[in-house]
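J.: Got a predicted structure plus its sequence, pasted below:
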Amino acid sequence: MNFKRFVFLILAALALSACAPKAGGAQIRVEDAWGRPSPAAASAGAFYMTIYNDGSEADTLLSATSPACMMAELHESYMMDNGAMGMRPVEGGSIEIPAGGSAELKVGGLHVMCMDKMADFKTGDTYQITLKFEKAGEIVVDVEIKDQ
């Protein structure tokens, strides 16, 4: 085996090992990411999804960003004293994803609030959102705008 081929194989093995999932730890996947249509006149929108942790350690969703929003926050819906629904940032500012479990971001519950929208959310449009996790790092997800 010549030296160049040997060096190439070593470098390829190192690159592949860096991409492999770590033993244990959090292994995050995001499914069914979507948002509701809302006209440009509406300053806010919401993104929903289910986040699964297939790993052996809990992980925490710390924040979200999207080019479709000037600012995005992790929010929750709640029942106010007067019987109306309200929205507020999640307590502690983060959402835990338990080991071997999931967190459902859904209408009437947890969600990513897109504030000061940069676009008209039309049915069929797709936007990217970057989710930042404590252990898994950043995961970019496509969010489809659809009627549900």
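T.: Alright, I've got the coordinates.
J.: From here on, just use CA atoms for contacts and neighbour counts.
T.: Will do.
J.: Look at the closest residue to Met79 other than its chain neighbours and say how many residues are nearby.
T.: Leaving aside its chain neighbours, Met79 sits nearest to Met85 (4.7 Å; criterion: CA to CA, 6 or more residues apart in numbering). Using other CA atoms under 10 Å, Met85 has 11 neighbouring residues.
J.: what do you get for Ile145?
T.: If you count neighbours by other CA under 10 Å, Ile145 ends up with 21.
J.: for it, what are its contacts?
T.: Contact analysis of Ile145 by CA atoms under 8 Å, 6 or more residues apart in numbering lists Trp34, Gly35, Arg36, Pro37, Phe121, Lys122, Thr123, Gly124, Asp125, Thr126.
J.: Next: Gly35.
T.: By CA under 8 Å, 6+ apart, Gly35 lies in contact with Gly45, Ala46, Phe47, Tyr48, Val143, Glu144, Ile145, Lys146.
J.: related to what we said a few turns ago, could I get the pLDDT score of the residue nearest to Met79?
T.: We have a pLDDT of 81 for Met85.
J.: Can you list the low-confidence ranges for this protein?
T.: The model of the chain has pLDDT under 70 over residues 1-26.
J.: host element of the residue most central in space within the chain?
T.: Centroid-nearest residue in the chain: Leu131, 3.7 Å away (criterion: CA atoms, centre = their mean). Following DSSP states H and E, one finds Leu131 within strand 126-133.
J.: Pairing partners for whichever helix or strand comes after that strand, with directions?
T.: As assigned by DSSP H and E, the chain's next helix or strand after strand 126-133 is strand 137-145. Strands adjacent to strand 137-145 in the sheet, as given by DSSP bridges, are strand 28-35 (parallel), strand 126-133 (antiparallel).
J.: Buried ones among the contacts of Gly35?
T.: Using 16 or more other CA atoms under 10 Å as the burial test, the contacts of Gly35 include Gly45, Ala46, Phe47, Tyr48, Val143, Glu144, Ile145 as buried.
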